[in-house]
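Student: Would you be able to build a 3D model of this:
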Amino acid sequence: IEAGVVFIPGAAFTPSNRPSTKLRLAFSAVSAENIREGVRRLAPVLQEAIERGAAGASGAS
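Tutor: Residues are numbered from 1 along each chain as shown. Okay, here's the model as predicted:
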């Protein structure tokens, strides 16, 4: 939200209670320009989350 973009974790759309590495993006009612801008904003947020997750996983033994 702070980056000006919102996504919903994929686990919210599956009947399983298992963790999910997927996310859901709305695109059917969004212009191509807005999709590009959303991806531009979302990419660094996801990169940071991935790096944080990898750092946490490597420290948990």
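Student: in the protein, which spans are helices?
Tutor: 32-59 (DSSP state H).
Student: neighbouring contacts of the least confident helix or strand in it by mean pLDDT?
Tutor: When each helix and strand of the chain is scored by mean pLDDT, DSSP states H and E, strand 8-9 comes last, with a mean of 76. With CB atoms under 8 Å, 6 or more residues apart in numbering as the test, strand 8-9 has contacts from 20, 22-24. Just so you know, the C-beta spots here come from the backbone N, C-alpha and C atoms, and that holds for glycine as well.
Student: so what's the backbone phi/psi at Leu25?
Tutor: phi -120, psi 130 (degrees, to the nearest 10).
Student: what about this structure, any weak spots by pLDDT?
Tutor: Counting by pLDDT under 70, the chain shows low-confidence ranges at 56-61.
Student: mind redoing it with 90?
Tutor: By pLDDT under 90, the low-scoring segments of the chain are 1-30, 35, 38, 45-46, 48-61.
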